[in-house]
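In: here is my input, please return the structure:
(one chain, ligands or ions: 1)
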Amino acid sequence: MARVAPRFCFHIVSLFPEAMDAYFSASVLGRARKRGVIAVRYYNPKDFEPNPKKRIDDIPYGGGPGMVLRPEPVLRAVDAALRRIRDRKQSRVWFFSPAGEQFTGQMARATVARARHLVLICGRYEGVDERVRVITRAKRVSVGSYVLSGGELAAMVVADVCARFVPGVLGKSESLEEKRVASPSVYTRPAELVWKRKRYRVPEVLRSGNHAAIDVWRKEAAEKERAKRDKKTNFS
Ligand code: SAM
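Out: So this is what the prediction gives:
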């Protein structure tokens with residue numbers, strides 16, 4: 001039987017693929033990979049370093065702490081990924097950096113709509129030699145205003161968010177989840193929880209069966225949370 005190509009493929013250039021694979025094998029993404037809807041491929045720069053010592057980092061020009069990933073093994077790893085992509089117009093290359101453009105759901109949606117391959121370059125230590133970004137014409141992307149120890153967490157965030165926009169990744173109930181009015185607070189049984197002699201009740205409206213009222217309640221709850229968060233971000 002002919003194998004159907006995945007709808008979207010993540011090509012991850014990283015020194016630590018094993019740090020990501022458990023996540024990509026579990027739950028929604030794991031099921032989507034098994035069904036062949038998405039694929040995740042790893043390219044370890046160490047496998048592209050001919051020197052038997054496999055040293056892939058070196059001291060930074062200009063001095064300073066930490067080591068920098070050498071350009072050649074990373075470029076060879078990116079090349080190996082690009083060679084597997086027939087139509088390069090269908091690919092995007094992102095270079096993770098805390099100084100990059102902030103990753104958003106909108107960026108994920110647009111990427112999945114316009115491309116079928118995403119090459120993600122994960123840095124470690126002090127980062128990757130800047131010439132890799134220049135040569136590959138990669139977009140510099142950040143997942144938040146903090147510094148991670150490596151790009152692997154960023155790759156997991158990006159792949160997870162993007163995958164949810166790939167048709168066929170979310171099961172029927174998960175797709176419905178996406179479409180319904182979401183609220184930041186969710187509840188399950190029991191309707192009244194007794195914890196350390198105190199009682200905690202589920203809001204009555206959620207047990208009313210009145211779906212219009214439930215939607216209104218959820219919208220208002222989401223609004224309140226957004227307002228609280230914005231207040232904190234502006235004045236903290
Ligand atoms: N001194 C470097 C700098 O300021 O760019 C920090 C390097 S950081 C310890 C190592 C790698 O983690 C980076 O090269 C990048 O790939 C990744 N990384 C760290 N923070 C990130 C963030 N907020 N978003 C995306 N990637 C990040």
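In: let me see the domain layout of the protein.
Out: Per the record, the chain has its domains at 8-172, 180-235, by automatic domain parsing.
In: residue 118: how many residues sit nearby?
Out: Look at residue 118: counted by other CB atoms under 10 Å, it has 22 neighbours. Every residue, glycine included, has its C-beta placed from N, CA and C.
In: my guess is it is in a helix, correct?
Out: No: checked against DSSP: H, G, I helix; E, B strand; the rest coil, residue 118 lies outside a helix; its state is strand.
In: contact partners for it?
Out: Residues near residue 118 by CB atoms under 8 Å, 6 or more residues apart in numbering: 8, 9, 10, 11, 91, 92, 93, 94, 111, 158, 159, 162.
In: how close does it sit to residue 127?
Out: In this view, residue 118 and residue 127 are 20 Å apart by CB to CB, to the nearest Å.
In: could I get the contacting residues of the residue nearest to residue 151 when sequence neighbours are not counted?
Out: Leaving aside its chain neighbours, residue 151 sits nearest to residue 122 (2.9 Å; criterion: CB to CB, 6 or more residues apart in numbering). Contact analysis of residue 122 by CB under 8 Å, 6+ apart lists 12, 13, 14, 15, 16, 96, 150, 151, 152, 154, 155.
In: again, but for residue 93
Out: Contact analysis of residue 93 by CB under 8 Å, 6+ apart lists 78, 82, 118, 119, 121, 136, 137, 138, 139.
In: go on, residue 137?
Out: Each residue near residue 137 by CB under 8 Å, 6+ apart is listed here: residue 93.
In: one more time with 10 Å
Out: Neighbouring residues of residue 137 by CB atoms under 10 Å, 6 or more residues apart in numbering: 93, 95.
In: equivalent analysis for the one 5 residues further on, please.
Out: The contact partners of residue 142, taken as CB under 10 Å, 6+ apart, are 96, 97, 98, 99, 100, 101, 102, 103, 148, 154.
In: so the closest residue to it other than its chain neighbours is in which element?
Out: In this structure, residue 142 finds its nearest non-sequential neighbour in residue 100, 3.9 Å apart by CB to CB, 6+ apart. Using DSSP states H and E, residue 100 maps to strand 91-102.
In: smallest gap between the chain and the ligand, at which residue?
Out: residue 123 (2.2 Å; CB to the nearest ligand atom).
In: so where do the helices sit in this protein?
Out: 18-25, 27-34, 71-83, 105-114, 130-136, 152-163, 172-179, 211-235 (DSSP state H).
In: highest mean neighbour count out of those?
Out: helix 152-163 (a mean of 21; mean count of other CB atoms under 10 Å).
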